[in-house]
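In: Here's a sequence, model it:
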Amino acid sequence: MDFAQPPVENYANPKTCFFHVLFKASALAFYILSALFFNSFVIIFVVTVLLSALDFWVVKNVSGRILVGLRWWNEINDLGESVWRFECLDQESLARMNKKDSWLFWWTLYLSAVAWIVLGIFSLIRFQADYLLVIGVCLTLNIANIVGFTKCRKDAKKQIQQFATQTIASRFSSTIQSAFSVV
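Out: Down below sits the predicted model:
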């Protein structure tokens with residue numbers, strides 16, 4: 001009997017994974033631990049929001065591209081309407097994405113939002129309305145990434161389905177044409 005462990009997939013991008021988690025954890029940790037070291041709401045607000053903004057930028061522009069092959073942005077067109085834009089890798093490249101990297105990306109994205117919600121509930125219970133402002137800003141940045149990447153993933157799946165449908169249709173069509181050209 002072979003009791004060897006199956007090969008464990010390592011992170012393909014450990015530095016990106018590290019920074020993906022680092023900014024989320026640092027914003028949460030600073031917010032939680034800051035009451036022990038600072039008596040100033042302004043310092044807590046500025047540093048926590050700055051760390052959360054860094055997290056937003058890193059996730060949106062770096063780790064989203066590298067870990068899951070997705071990128072999103074929102075722009076205002078000439079009519080003043082909000083337009084979502086999505087980029088994703090091609091089907092082959094998406095299939096080669098590291099599963100562990102992808103797992104880390106999605107779980108930390110959602111868990112950090114849950115953590116901010118829990119902290120918001122604690123602030124409500126303790127009647128700390130000013131700290132709800134900090135939590136609201138950080139949660140808004142986090143939810144913006146969740147919405148952007150979720151829409152981007154759905155758009156990528158739709159593109160893959162369209163590509164597969166077109167490929168099957170063109171192969172079917174060429175098979176039919178070759179069958180009739182032989183006759």
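In: Low-confidence stretches in this protein?
Out: Across the chain, residues meeting the criterion (pLDDT under 70) sit at 1-9, 90-95, 154-183.
In: Spatially central residue for it, please.
Out: Centroid-nearest residue in the chain: Phe149, 5.0 Å away (criterion: CA atoms, centre = their mean).
In: Check which helix or strand that residue maps to.
Out: helix 129-182 (DSSP states H and E).
In: how close does Cys138 sit to Tyr131?
Out: For Cys138, the distance to Tyr131 equals 11 Å [CB to CB, to the nearest Å]. Every C-beta, even on glycine, is put in place using the N, C-alpha and C of the backbone.
In: okay, those two: which has more neighbours?
Out: Per other CB atoms under 10 Å, whichever of Cys138 and Tyr131 has more neighbours is Cys138, with 27 against 21.
In: Give me the three-state assignment for the closest residue to that one other than its chain neighbours.
Out: Spatial nearest neighbour of Cys138, chain neighbours left out: Ser52 (4.1 Å); criterion: CB to CB, 6 or more residues apart in numbering. Following DSSP: H, G, I helix; E, B strand; the rest coil, Ser52 is assigned to helix.
In: likewise Leu22?
Out: helix.
In: Quick check: the gap between it and Gln128.
Out: Leu22 is 26 Å from Gln128, by CB to CB.
In: same thing with Gly120?
Out: Going from Gly120 to Gln128 by CB to CB gives 10 Å.
In: What of Leu28?
Out: 16 Å.
In: strand partners of the helix or strand Trp72 falls within, parallel vs antiparallel please.
Out: According to DSSP H and E, Trp72 maps onto strand 70-76. Using DSSP bridges, strand 70-76 pairs in its sheet with strand 82-88 (antiparallel).
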